[in-house]
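Visitor: missing the sequence, but the structure's below:
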């Protein structure tokens, strides 16, 4: 039996915020994907304070305008992820706080070049399974696709 108490409905597309990364971005909700994925290019691994860090470029959307953001964040993991076409690739993983509506929690994000995809963020079932029910015919149930929140455009 499914307990729907304390669960919110989300649509097939939502606006998510990553406070630690200073990002606001539109995400595709994908119950078929196990892990969540954030668009990242120019990925460079480095050492900082005796810990492995990753530097990458991603996107943010503020007031309806998309711009590039350069980020540095600690590496949480490096794992093999199988894409929807069946091919497995090694990806870096970061763990950071996500905000979706009133929901706040740490989630794991794999970093991948999603430039050929319509949405720069894919929210997989692991991040949402305890907290959300998906209404596939609806979009942006947790907020507007044109956020009016302004975040400083830097990640480090």
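Guide: Thanks, I have it. Given the structure is predicted, the values throughout are model-derived calculations rather than measurements.
Visitor: any chance you could map the strands in this structure?
Guide: In the chain, strands defined by DSSP state E lie at 8-11, 13-18, 23-30, 36-39, 41-48, 51-62, 65-74, 77-82, 88-100, 103-112, 121-124, 132-135, listed in chain order.
Visitor: Can you say which of those is nearest to residue 141?
Guide: strand 8-11 (4.5 Å; Cβ to Cβ). C-betas here are computed from N, CA, C, even on glycine.
Visitor: ok, back up a step: so which of the strands of the chain is nearest residue 143?
Guide: strand 13-18 (4.8 Å).
Visitor: Show me how far the worst-scoring helix or strand of the chain on mean pLDDT is from its chain's centre.
Guide: None of the helices or strands of the chain scores lower by mean pLDDT, DSSP states H and E than helix 125-128, at a mean of 84. From the chain centre to the centre of helix 125-128 is a distance of 11 Å (Cα atoms, centre = their mean, to the nearest Å).
Visitor: cool, stretch 43-58 as well?
Guide: Distance, centroid of stretch 43-58 to centroid of chain: 18 Å (Cα atoms, centre = their mean).
Visitor: Could you do stretch 132-141 as well?
Guide: So, by Cα atoms, centre = their mean, the centroid of stretch 132-141 is 17 Å from its chain's centroid.
Visitor: How about residues contacting it?
Guide: 4, 7-15, 29, 31, 100-101, 103, 128, 145 (Cβ atoms under 8 Å, 6 or more residues apart in numbering).
Visitor: again, but for stretch 31-38
Guide: 25, 58, 81, 84, 91, 93-94, 107-112, 114, 120-127, 134.
Visitor: before we move on, back to that, would you format the strands of the chain as JSON lines with distance to residue 141 included?
Guide: Converted to JSON lines, these look like this (distance: least, Cβ to Cβ, whole Å):
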{"stretch": "strand 8-11", "distance to residue 141": "5"}
{"stretch": "strand 13-18", "distance to residue 141": "7"}
{"stretch": "strand 23-30", "distance to residue 141": "10"}
{"stretch": "strand 36-39", "distance to residue 141": "18"}
{"stretch": "strand 41-48", "distance to residue 141": "30"}
{"stretch": "strand 51-62", "distance to residue 141": "18"}
{"stretch": "strand 65-74", "distance to residue 141": "22"}
{"stretch": "strand 77-82", "distance to residue 141": "27"}
{"stretch": "strand 88-100", "distance to residue 141": "10"}
{"stretch": "strand 103-112", "distance to residue 141": "12"}
{"stretch": "strand 121-124", "distance to residue 141": "13"}
{"stretch": "strand 132-135", "distance to residue 141": "7"}
